[in-house]
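Asker: test case, fold it:
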Amino acid sequence: MSYTERSIALIRFAEMEAEKTTGIVYPIHLLLGLLKIRTETVAELYINYPNLPDILYDEVKKTKFDKGESGISYQPFSIPISETTKLVMEKAKERMNHYGQVYLNEGYIIEAICKVDECLTKAMLRRVDIDQILHSVAYPRDMIVSLRDYSLPAISVSKIILKKAKRSDAVELKSFVKGEFGEGWLTAIENGLSQDNIPIYLAWEDEQIMGFACYDVVRKKKGLFGPMGISLLNRIQGIGYALLHYSLYEMKAKGYEYAVIGEAGPLEFYEKLVMQSLYRKSLKF
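Answerer: Here you go, the predicted structure:
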């Protein structure tokens, strides 16, 4: 299983927290590890929920952990973890697979912690505002990219051809989207195909579609990027990076000051793709 950089950081910080107390990583140590990161969405959680660390540390102090539990080995942890932590990680993996992702991110881990049905963990979280945590780090949100100073980065995708969609691609594109992602995006795809200048980019290899990215197609709203999708077997190749930036560059050429990535998820993926030019903001359309 592959992990995002932020989820690995969360795990390493959780191990440090566990070594101060039990020597075994429990779910609450994962939450404490998350709060040590303090960047991007986690920084937002820390600012909006400043007393959360105090609540968690207080619960750790009051909790009587099972001194007979020796813990179990589980990659990529370097120290033993509890059975409940293993359950959390397995539940997080299930969520990752459910959404067709290839990296386990911190959002899936935190969601699994908050929803785990285990007495000790539930007791330690009894004073915690679960919804606030989930909305900060686990649930998708709109993200804003400033295009004012944006420039197209260097893009190199071996063997992949990137080009604008044409109406003659409609049947194959809709078949690809339905087969890989279901029918939820088909209306947006049709909105794009109905426009004179079709705002859809496609990635091709050996005359087959590997991925797509759109803008101005969801509810026909201007400046809204997405949806974007890459076939499951062709992820981690830079295709999403290329499709996103081709779209952003064209949006800037049209005179857009900002692009809104609607309900971006996984968050760390988009944060990395546009780096410092990415801003987060909840919007209503």
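Asker: how is this structure partitioned into domains?
Answerer: 2-139, 143-280 (automatic domain parsing).
Asker: least confident of those, on average?
Answerer: Of all those, the minimum mean pLDDT falls on domain 143-280 (a mean of 87).
Asker: just the endpoints, please. Distance across stretch 196-209?
Answerer: 22 Å (C-alpha to C-alpha, to the nearest Å).
Asker: which residues does that stretch contact?
Answerer: Outside stretch 196-209, the residues that touch it by C-beta atoms under 8 Å, 6 or more residues apart in numbering are 157, 159-167, 169, 172-173, 176, 189, 192-193, 210-217, 230-231, 234, 239, 242-243, 246-247, 250. To be clear about C-beta, it is placed using only N, CA and C from the backbone, and glycine gets the same treatment.
Asker: switch to 6 Å and redo it
Answerer: 159-162, 165, 176, 192, 210-216, 239, 243, 246-247 (C-beta atoms under 6 Å, 6 or more residues apart in numbering).
Asker: now do stretch 48-66
Answerer: Contact with stretch 48-66 is made by 21-22, 31-32, 35, 124, 127, 132, as judged by C-beta under 6 Å, 6+ apart.
Asker: just the buried residues of it, please?
Answerer: Residues of stretch 48-66 classed as buried under the neighbour-count rule (16 or more other C-beta atoms under 10 Å) are 49, 52, 55-56, 59-60.
Asker: so which of the residues you listed sit within helices?
Answerer: 52, 55-56, 59-60 (DSSP state H).
Asker: need those residues in a markdown table with distance to residue 152, can you?
Answerer: Below are those laid out as a markdown table (distance: C-beta to C-beta, whole Å):
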| residue | distance to residue 152 |
| --- | --- |
| 52 | 40 |
| 55 | 46 |
| 56 | 44 |
| 59 | 49 |
| 60 | 48 |
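Asker: quickly check those residues for the two that are furthest apart.
Answerer: 52 and 60 (12.8 Å; C-beta to C-beta).
Asker: pull the contacting residues for residue 15.
Answerer: By C-beta under 6 Å, 6+ apart, the neighbours of residue 15 are residue 79.
Asker: check which helix or strand covers it.
Answerer: Residue 15 is part of helix 5-20, with elements assigned from DSSP states H and E.
Asker: for stretch 173-190, which outside residues touch it?
Answerer: With C-beta under 6 Å, 6+ apart as the criterion, stretch 173-190 contacts 209, 217-218, 227, 229, 231.
Asker: highest neighbour count among the residues you listed?
Answerer: Counting neighbours by other C-beta atoms under 10 Å, residue 217 leads those with 24 neighbours.
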